[in-house]
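Peer 1: quick one: sequence plus predicted model below, questions after.
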Amino acid sequence: MRIMGLDLGDKTIGVALSDPLALTAQGLKVIKRSGSEMGEIAKIVKEYEVTEIVVGYPKNMNGTIGPRAKKTEEFAHNLKNELSLPVRLWDERLSTVGAERVLLEADISRAKRKKIIDKMAAVIILQGYLDSKSR
């Protein structure tokens, strides 16, 4: 049983997967948004036997739902219909900021950070979800 975490961006989607016991999250890849991302996600779901998907939900800092969150709701709905899996929305406020901080502390160059920031944000989103389930 693996859980997939997704960080949706306008140009890319960060992907993370849990270990088989659903205790820890690891970054897998970054998918470029091209219209074929549902197919790529479906391949990952099949290959890794994913049973649940967690999508970062970009609420505004005051907790309200803005245009990006509405797009995320629509994507999650389509994903659920396409894959027939449970899809959960998980509050992702500051996940990208947290990912940036981790990469800065690891002394990763700006160019490399740009390539993996979405994957790291997906890890932070998924790990937050996994931690909440284990409580």
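Peer 2: Yep, that arrived. Numbering: from 1, shown residues only.
Peer 1: hey, which helix or strand in this protein has the poorest pLDDT?
Peer 2: The weakest-scoring helix or strand in the chain, judged by mean pLDDT, DSSP states H and E, is helix 95-105 (a mean of 65).
Peer 1: so where's the protein uncertain?
Peer 2: 93-100, 102-104, 106-115, 135 (pLDDT under 70).
Peer 1: can you list the buried residues in stretch 5-24?
Peer 2: 5-9, 12-18, 22 (16 or more other Cβ atoms under 10 Å). C-beta coordinates here come from the backbone N, C-alpha and C atoms, glycine included.
Peer 1: now render these as TSV, adding secondary structure and distance to residue 74.
Peer 2: Formatted as TSV, the buried residues of stretch 5-24 follow (DSSP: H, G, I helix; E, B strand; the rest coil; distance: Cβ to Cβ, whole Å):
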residue	secondary structure	distance to residue 74
5	strand	18
6	strand	14
7	strand	16
8	strand	10
9	coil	15
12	strand	18
13	strand	14
14	strand	18
15	strand	19
16	strand	21
17	strand	23
18	strand	25
22	coil	27
